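Engineer: Turn this into a model:
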Amino acid sequence: MHQGKAFIFSAPSGSGKTTIVKHLLEQNSDLSFSISACTRPQRPNEVSGRDYYFMTPDEFKSHIHKQDFIEWEEVYSSKYYGTLKSEIERIWEQGKHVIFDVDVQGGMNLKKYFGEAALAVFVRVPSLEKLKERLSARNTENAESLKQRLVKAKEELLYESSFDITLVNDDLQQTLKQAQLFYEQFANSGKLEPSR
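Structural biologist: Residues are numbered from 1 along each chain as shown. Below is the predicted model of the structure:
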């Protein structure tokens with residue numbers, strides 16, 4: 001089996017990692033998205049097998065028991081997320097590199113699993129204030145879940161140094177250019193050029 005590279009994008013919720021990952025997927029035909037499994041309810045615009053593999057908690061636990069996951073975690077009470085081994089095999093068999101859009105804990109677990117074949121990128125906004133603005137602007141959070149996400153974000157920022165590189169998402173166009181550059185360098189040589 002062709003072993004591709006693994007590009008791991010992790011960030012506190014609301015930092016813009018999903019926008020960056022979508023951009024890279026549009027720009028690079030040799031890149032494929034790793035679809036996570038999860039137990040949270042499916043949102044109206046989401047498709048199972050495209051956005052996530054939606055499972056019941058029992059189905060998810062059965063996969064844990066069979067050791068089908070590269071990594072998994074219970075992110076919030078009874079809300080499980082994970083990466084299936086079969087998903088990576090599917091992508092590498094197509095001769096492509098794999099890209100992940102995962103939370104910080106998931107990113108660290110994936111980095112450990114893939115070792116030298118992975119580039120782990122930590123995405124963050126310039127400040128927690130800015131993060132609060134972005135999360136509020138989404139209109140997907142109530143006051144309680146907003147508070148929960150900000151507390152989690154503060155904790156997640158402590159792990160920034162465990163990643164290979166940080167992207168500060170202040171100016172989106174600049175951030176997208178930078179992410180593309182990282183992708184090209186690592187996909188071609190397996191390392192990043194030192195920045196001048």
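
Engineer: what comes up buried for the top helix by length along the chain?
Structural biologist: In the chain, ranked by residue count with DSSP state H as the criterion, the top helix is helix 172-189. Residues of helix 172-189 classed as buried by neighbour count (16 or more other Cβ atoms under 10 Å): Thr175, Leu176, Gln178, Ala179, Phe182, Tyr183, Phe186, Ala187. From N, CA and C alone the C-beta is placed, and that goes for glycine too.

Engineer: Check stretch 113-120 too.
Structural biologist: Buried positions in stretch 113-120, judged by neighbour count with 16+ other Cβ under 10 Å: Tyr113, Phe114, Ala118, Leu119, Ala120.

Engineer: follow-up on the earlier one: what helices or strands is the longest helix of the chain leaning on?
Structural biologist: Packing partners of helix 172-189 (3 or more Cβ pairs under 8 Å, 6 or more residues apart in numbering; DSSP states H and E): helix 17-27, strand 118-124, strand 165-168.

Engineer: Report the contact partners of Gly49.
Structural biologist: For Gly49, the contact set (Cβ atoms under 8 Å, 6 or more residues apart in numbering) comprises Ile35.

Engineer: where's it relative to Leu157, distance?
Structural biologist: Taking Cβ to Cβ, to the nearest Å as the measure, Gly49 falls 33 Å from Leu157.

Engineer: Ala179 now?
Structural biologist: For Ala179, the distance to Leu157 - Cβ to Cβ - is 19 Å.

Engineer: Look up the pLDDT of Pro194 for me, please.
Structural biologist: At Pro194, the model reports a pLDDT of 67.

Engineer: Least confident secondary structure element in the protein?
Structural biologist: Least confident helix or strand of the chain, by mean pLDDT, DSSP states H and E, is helix 128-138 with a mean of 86.
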